[in-house]
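Trainee: fold the following for me, if possible:
(2 chains)
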Amino acid sequence: MEIYLPIAGMSLNFFLVIGIGAVVGFLSGLFGVGGGFLLTPLMMMIGIPPAVAAASDSNQIVAAASSGAFAHWRLGNVDFKLGLIILAGGIFGGTIGVQLVYYLRQVGNFEFVMKVVYVLMLGLVGGAMFMESLRTIMRSRRPASDPVVVESAQPKLSRMFDRLPLKMHFHRSGLHTSAIFPFSIGTTVGIMAALLGVGGGFIMVPAMIYIIGMPTIVAIGTDLFQIVLTSANVTLQQAFVNKTVDLLLALVLLFGSTIGAQFGAMAGKRLKGEQIRILLAIIVLAMTVKLFLDLVLTPEHLVSLAPAKGGGH
Amino acid sequence: MKRLVIILAAVSLMGLVAGRAWSISPEAQNKVVTAASKNVIQIGLSYRGDEIHFFGVNPVPGADVITRLTAEKEEVIKLSMKGKVGPFWMTVKQYEVTGAPFIYKIHANKPIGEIISEETARELEIGYPAIKNRMKMHLVRGQAAPGDADKVFEGLVNIKESDNLYNIVEDPRRLEIEEGKLFKHYFRFPPKATEGSYQVETFAFQNGELVGYGKDVIEIKKVGLESWLTKTSQESPVFYGIMAVLIAMGAGLGVGMIFRKGGHH
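Mentor: Presented below is the predicted three-dimensional model:
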């Protein structure tokens, strides 16, 4: 059964798209990440134009994250004050990011930049996670090994930001820090979100826990809350500037991913934390290698289509 | 099209001056009568391209037949050429190409070179060399190099062929002529063939001279949801963007509630 995607301007097998959504949903349910960072490259692999893949993915993330954010809001896990400051940064960054995408598409190197950023990000996150989970597994095999090293409760970077003006108290997270700090992190993640078509959860949550110093559950809840609004902003900007949001594609992906996520969450209960993390790390690293090879190996065709003026299709 | 008319006019003028008997103006020839299985293709939700079958009467029994599917879209095709920068492959220059037809498919009952001369092929724009002739390209970014024209043209044909928008088939089984009189063939319209008006032309040749010509027009249009989504996204991007976000939020909240009721949390 084929489905014609109006903005991508191509027909694809309906079950292939749902299947990709389901696989990514399964992984995101299993690992507790948004999955956007896997979805965009997968869609590019099946031939969807990169800009349409990234924009429609943002649209899909709005849906996926709003469902999670709603649940966390009811449990009281959202720090709205901190979330809104990160969000302000995110919207600022997202707007810059979309303009950057527009410029890069004109120059014809959007795909190149996107892949380079992906390779760097995925390589870094995948590598760090792999090492960390491997260490945990090794340690659990040798129970008599040295005690767990406790990291300094207040990360270095947050102490540096402590000296900046605009100090604020964040009640829900139990923090007292400068507003410039969460704002600049929001900006960085916002640019990434537009460039890569990701919600940014896989960068944001570690940043909130390790750099800002928020409690894990509040970090996840607040992150989901800001992802809804950040990716909504990116979706709007993409629709206005690049006209590359394929709503039909986003909905089919959403359908697959919500079903996959339920099964993923069930499977997640049967595995240990470090086993899950090492699996995720391996998937992320495999993706990195594939994208890296794309950049380095001689392409099959040297001449390729660049978007026409106006950016639309 | 305008250029074709001018060329044809010039050619027939030259023909008059030279006192030659034949004119190559296709419209002046015997009409080739054809019947198409349909004249409108609708792009709906499950569209995956379409096929249209054509049947026709050969105006001169035993003549060879060439059919051509074209569409003019006045598209500006921007092509990126990759080059090696350090260890990486990235875009090093870009060309803008105009004047290439959006779609270009040719079926012939035997190799075109055996049916008509190169000159006639060029005049009637049959075959890739004719496309290369009328195509215009100019450098937008980077540095030009000798041989770029060939590379750009090859690249364009590659892209179009992989989308199944260009092809040339010279095969009697693809364009069948029954006892020299009745011919039948079909054109495949790929999913990449977008909305617009498409021309199917039939040329009949005997001893290298045009002896018959016919033309059908096929319309492709998006219908229903496909048409509405495309139009809205291009013409009212603000409304489209807001709608996309609201639908996504609604779907997300809806799904969350359904699964909560199902007891998975």
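
Trainee: can you count the residues close to the spatially closest residue to B:His107 that is not a sequence neighbour?
Mentor: Ranked by C-beta to C-beta, 6 or more residues apart in numbering or on different chains and with sequence neighbours excluded, the top spatial neighbour of B:His107 is B:Leu175, at 4.4 Å. Quick note: C-beta positions are derived from backbone N, CA and C, even for glycine. Per other C-beta atoms under 10 Å in any protein chain shown, the neighbour tally for B:Leu175 reads 23.

Trainee: wait, what's in contact with the closest residue to B:Glu74 other than its chain neighbours?
Mentor: Excluding the flanking residues, the one nearest B:Glu74 by C-beta to C-beta, 6+ apart is B:Thr98, at 7.8 Å. Contacts for B:Thr98 (C-beta atoms under 8 Å, 6 or more residues apart in numbering or on different chains) come out as B:74-77, B:135-137.

Trainee: ditto for A:Ile46
Mentor: Contacts of A:Ile46 by C-beta under 8 Å, 6+ apart are A:12, A:16, A:20.

Trainee: which among these gets closest to chain B?
Mentor: A:Leu12 (9.0 Å; C-beta to the nearest C-beta).

Trainee: contacting residues around the helix or strand where A:Ala22 lies?
Mentor: Using DSSP states H and E, A:Ala22 sits within helix A:14-31. Residues outside helix A:14-31 that contact it (C-beta under 8 Å, 6+ apart) are A:1-3, A:33-35, A:38-39, A:42-43, A:46, A:60, A:64, A:249, A:252-268, A:271, A:276-277, A:279-280, A:283.

Trainee: out of those, which are buried?
Mentor: A:2-3, A:33-35, A:38-39, A:42-43, A:60, A:64, A:249, A:252-262, A:264-265, A:268, A:276-277, A:279-280 (16 or more other C-beta atoms under 10 Å in any protein chain shown).

Trainee: just to revisit the earlier point, buried ones in the helix holding A:Ala22?
Mentor: A:14, A:17-18, A:20-31.

Trainee: mind exporting that helix as PDB, just the C-alpha atoms?
Mentor: In PDB, the C-alpha atoms belonging to helix A:14-31 read as follows (Å, rounded to 0.1, in the frame of the first residue of the first chain):
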ATOM      1  CA  PHE A  14       2.700   3.100   4.000                       C
ATOM      2  CA  PHE A  15       4.000   0.200   6.100                       C
ATOM      3  CA  LEU A  16       7.600   1.200   5.600                       C
ATOM      4  CA  VAL A  17       6.900   4.600   7.100                       C
ATOM      5  CA  ILE A  18       4.800   3.200  10.000                       C
ATOM      6  CA  GLY A  19       7.500   0.600  10.500                       C
ATOM      7  CA  ILE A  20      10.200   3.200  10.800                       C
ATOM      8  CA  GLY A  21       8.000   5.100  13.200                       C
ATOM      9  CA  ALA A  22       7.400   2.000  15.200                       C
ATOM     10  CA  VAL A  23      11.000   1.000  15.400                       C
ATOM     11  CA  VAL A  24      12.100   4.500  16.500                       C
ATOM     12  CA  GLY A  25       9.100   4.600  18.900                       C
ATOM     13  CA  PHE A  26      10.100   1.200  20.300                       C
ATOM     14  CA  LEU A  27      13.700   2.400  20.900                       C
ATOM     15  CA  SER A  28      12.500   5.700  22.400                       C
ATOM     16  CA  GLY A  29      10.100   3.800  24.700                       C
ATOM     17  CA  LEU A  30      12.900   1.500  25.700                       C
ATOM     18  CA  PHE A  31      15.600   4.100  26.200                       C
END
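
Trainee: not counting sequence-adjacent ones, nearest residue to the residue of the stretch 151-265 of chain B found nearest chain A?
Mentor: Chain A sits closest to B:Gly155 of the stretch 151-265 of chain B, with a gap of 2.4 Å, by C-beta to the nearest C-beta. Distance criterion C-beta to C-beta, 6+ apart; nearest residue to B:Gly155, sequence neighbours excluded, is A:Val303 at 2.4 Å.
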